[in-house]
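[1] Got a predicted structure here, sequence first:
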Amino acid sequence: MDKNLIKLFPYTKPYKSHIIWNVTYNVLYALFSTISMLTLLPMLEVLFGKNKVIENAPVYEGIGGIMRFGKEYLYYQISELSKGSGPQFALLLVVTLVITTFLLKNLFNYLASYHIMHLKNGVLRDLRKTMYDKIIELPISYYSEKRKGDVMARMLGDVGEVQNSFFSILELVIKEPLTIVFALITMFVISAKLTMFVLIFIPISGFIISKIGKSLKAKSLKAQNEGGYLISIVEESLSGLKVVKSYNAETTFKNRFNESITRLLKLSNSIGNKNNLASPLSEFMGITTIATLLWYGGNLVLVDKTLDGSAFIVYLTLAYNILTPAKAISKASYSVKNGLAAAQRVFEVLEVENEITSKVNAVEKDTFETAISLQNVNFKYEEEAVLKDFSLEVKKGQTVALVGQSGSGKSTIANLLTRFYDVNEGSIVIDGVNIKDMNLHSLRSLMGLVTQDSILFNDTIKANIALGKIDATDEEIIEALKIANAYEFVQDLPMGIDTNIGDSGNKLSGGQKQRLSIARAVLKNPPIMILDEATSALDTESEKFVQVALENMMQNRTSIVIAHRLSTIQKADKIVVMKKGKIVEQGTHEELIALNGNYNKLVTMQSFE
């Protein structure tokens, strides 16, 4: 059994009752598929006037003889009706019987489908929930290596493919095989000779169909990977549309997209051809069997006289009745191969180990008392070291500014403090507690982060600002907006704080977006504030207002300010000058100017990137 199939079993546990009912109704459907065909025999015999006459009512002799009793009882009733009311009433009885059995067969089919639908939709919901929980929990580092579009394709497309394909397995192992088994048993009873003849053909057709389906899983996996790449191109094109247009790169992106959809077309056609071949091939093999049966069985009826004509007609309907499930099995087996490929991609994400998690019995910390201490920290994203033996202490209430040219490792400090990444060597300690020993939720509750990219969501201003304090009142939100100097423009919007700001806040200017990000951090009101290029997107006029707001905000808390303009840095309690992951100078603005070193050069160039 495929390992991905085994991994799916836990997801079916909450829907155990649906599986049991589906199996039960499928068994009944398979049974009544055969019984409904068998009821045609007495009808044909009444029509041709060849019905067996039974004078005395049969006696029930226990479960072992139930089939013989049922058959004889039916013929006894037909005989009695024919004697008393003529053949029309006997015909009416058998026609009613045919209708009833076909009705029951289709009712059981509907009930089986009802339960499989609940199972499929329930498992789909649970898989999507697990998948979303996982992609939200995975560390930032995972997404620096993966395409977001591919993760989206796995979440939306592949999970759906698992739902569509995998549950055809229940049909594959219960419904269709049992329909074939019950039909074959009945065919043996009618004519063992003919049935042995049929059984020679079934393995041959099964072998041919399985040969065609062999390469299907590998091709399905390729197609699903290509689908993920395709969604990535669309996602990147939409995210970077301004850049695409301003650099006249539309043709480049169109070509990339066209190449991907052409590859997908070839794969889809190849998979589709094999899928489409399953049904006609199994039907052709089946009809060949039926044609051979007609010739061989016709001889038994017409020449050897060893088989009754009515029984032969029913036999043929049973043989044809095997074709539909055989076709369904061949189609479902192809479908399952697609599902196996999709499941492989889903479980690849679900099984990624998240290295940045809270320890068991992690320390819960909701206050900040003394200092943040980075001790001999070494860190690299891939090969090249970003921080080398880096040590720094930030005392409570201090404002520490990190400056240096691009690539000196300033923003990495923010990533490590919030545990978006973990240090390779050394430690980061808050109030004497290593942040790896702290509960991740409580660590991040202590910090407010305002980044260079103001990340906003397609929602109202109110919802965006209340992200860190869901139960905030309108008054608290307005107060936070005022501190961030954002209320002035917000109150002029059509619906004030209830105005939707569009995808990524694109209805607003860069400066407005950044002020909302600052308001969000103000409302959260954490004891430690990390400002990573927080005013870089603001125009000079807005910056003056926000600068005052930031200074007010920083008075009551510890702040780590990364690469701000000179106005903020001058007032910092400590300025740390970084170069290639190391501290080259530190002190106050005046002390560093007096040193006439790296900091003085940066001030002269105003180069706080």
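    Arrived safely, thanks for sending.
[2] Show me where the stretch 1-150 of the chain has its helices.
    3-12, 16-38, 40-47, 66-85, 87-137, 140-145, 148-153 (DSSP state H, counting those that start in this stretch).
[3] Would you mark the buried spots in the helix or strand following the last one?
    Scanning the chain past helix 148-153 towards its C-terminal end, the next helix or strand to appear is helix 159-166 (assignment: DSSP states H and E). Residues of helix 159-166 classed as buried under the neighbour-count rule (16 or more other C-beta atoms under 10 Å) are 159, 161-163, 165-166. Just so you know, the C-beta spots here come from the backbone N, C-alpha and C atoms, and that holds for glycine as well.
[4] quick one: average pLDDT of helix 159-166?
    Across helix 159-166, pLDDT averages out at 79.
[5] Over to Ala401: give its phi and psi.
    Backbone torsions of Ala401, given as degrees, to the nearest 10, read phi -110, psi 130.
[6] wait, it sits on Gln570?
    No. If you go by C-beta atoms under 8 Å, Ala401 and Gln570 don't touch, sitting 9.0 Å apart.
[7] If you count surrounding residues, which of the two has more?
    In this view Ala401 and Gln570 are compared by other C-beta atoms under 10 Å, and Ala401 has more residues nearby, 25 against 15.
[8] Quick check: buried residues in whichever strand or helix holds Leu523?
    Element membership for Leu523 (DSSP H and E) is helix 510-524. Buried residues in helix 510-524, counting neighbours by 16+ other C-beta under 10 Å, are found at 511-524.
[9] Can you pull out the low-pLDDT segments for the stretch 201-350 of the chain?
    201-218, 239-240, 242, 278-279, 282, 286, 327, 330-331, 334 (pLDDT under 70).
[10] How are the helices of it distributed by residue range?
    Going by DSSP H, counting those that start in this stretch, the stretch 201-350 of the chain shows helices at 216-239, 241-246, 250-302, 309-350.
[11] what's the most buried one of those?
    Neighbour counts (mean count of other C-beta atoms under 10 Å) averaged over each of these peak at helix 309-350, with a mean of 21.
[12] Beyond it, next helix or strand please.
    Trace forward from helix 309-350 with DSSP H and E and the next one is strand 371-380.
[13] Mind giving me the packing neighbours of that next one?
    Judged by 3 or more C-beta pairs under 8 Å, 6 or more residues apart in numbering; DSSP states H and E, the packing partners of strand 371-380 are strand 385-395, helix 410-417, strand 425-430.
[14] What average pLDDT does the last one get?
    What it means is strand 425-430. Per-residue scores along strand 425-430 average to 93.
[15] Check the longest one too.
    Across strand 385-395, the average pLDDT comes to 90.
[16] Which residues does it contact?
    370-380, 400, 409, 412-413, 416, 426, 558, 560, 574, 576, 580-583 (C-beta atoms under 8 Å, 6 or more residues apart in numbering).
[17] now Gly160, nearest residue through space, not along the chain?
    Closest residue to Gly160 apart from its sequence neighbours, by C-beta to C-beta, 6 or more residues apart in numbering: Leu124 at 6.9 Å.
[18] Next, the contact list for the one you found, please.
    So Leu124 contacts 159-160, 162-163 (C-beta under 8 Å, 6+ apart).
[19] and if we set it to 7 Å?
    Residues counted as contacts of Leu124 (C-beta atoms under 7 Å, 6 or more residues apart in numbering) are 159-160, 163.
[20] you'd agree Ala362 is up against Ser442?
    No. Under the criterion of C-beta atoms under 7 Å, Ala362 is not in contact with Ser442, lying 8.0 Å apart.
[21] and for those two, which residues touch both?
    Counting by C-beta under 7 Å, 6+ apart, nothing touches both Ala362 and Ser442.
[22] Can you give me the pLDDT of Leu402?
    In this model, Leu402 carries a pLDDT of 91.
[23] what comes into contact with the strand or helix carrying it?
    Assigned by DSSP H and E, Leu402 belongs to strand 399-403. Strand 399-403 has contacts (C-beta under 7 Å, 6+ apart) with 394, 410, 413, 554, 559-564, 568-569, 572-578, 599, 602, 608.
[24] Mind giving me the PyMOL command for buried ones among these?
    Selection of buried members from the contacts of strand 399-403 for PyMOL, criterion 16+ other C-beta under 10 Å:
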select buried, resi 394+410+413+554+559+560+561+562+563+564+568+569+572+574+575+576+577+578+599+602+608
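[25] Just the contacts of strand 399-403: which are in strands?
    Secondary structure defined by DSSP state E assigns 394, 559-562, 574-578 of those to strands.
[26] Looking at the residues you listed, which is nearest Leu241?
    The closest of those to Leu241 turns out to be Ile562 (C-beta to C-beta; 28.5 Å).
[27] Would you agree that closest one is in contact with Met529?
    No. Shown here, Ile562 and Met529 do not form a contact pair, counting by C-beta under 7 Å, at 11.2 Å.
[28] quick revisit: out of the helices and strands packed on strand 371-380, nearest to Asp437?
    When the helices and strands packed on strand 371-380 are compared (using C-beta to C-beta), the closest one is strand 425-430, at 9.3 Å.
[29] Show me what the closest one is packed up against.
    Contact analysis of strand 425-430 by 3 or more C-beta pairs under 7 Å, 6 or more residues apart in numbering; DSSP states H and E lists strand 371-380 as its packing neighbours.
[30] So what touches the strand or helix carrying Leu184?
    In the assignment (DSSP H and E), Leu184 maps to helix 176-190. The set of residues external to helix 176-190 that reach it, using C-beta under 7 Å, 6+ apart, is 26-27, 30-31, 33-34, 38, 194-195, 198, 311, 314-315, 318-319, 321-322, 325-326, 328-329.
[31] Relative to Thr357, how far out is the nearest residue to Thr370 once chain neighbours are set aside?
    Spatially, and ignoring its direct neighbours in sequence, Thr370 is nearest to Asp431 (5.2 Å; C-beta to C-beta, 6+ apart). Using C-beta to C-beta, to the nearest Å, Asp431 is found at 21 Å from Thr357.
[32] Lys436 too?
    Using C-beta to C-beta, one gets 10 Å for the distance from Lys436 to Thr357.
[33] And those two? Which one has more around it.
    Applying other C-beta under 10 Å to Lys436 and Thr357 shows that Lys436 carries more neighbours, namely 18 against 13.
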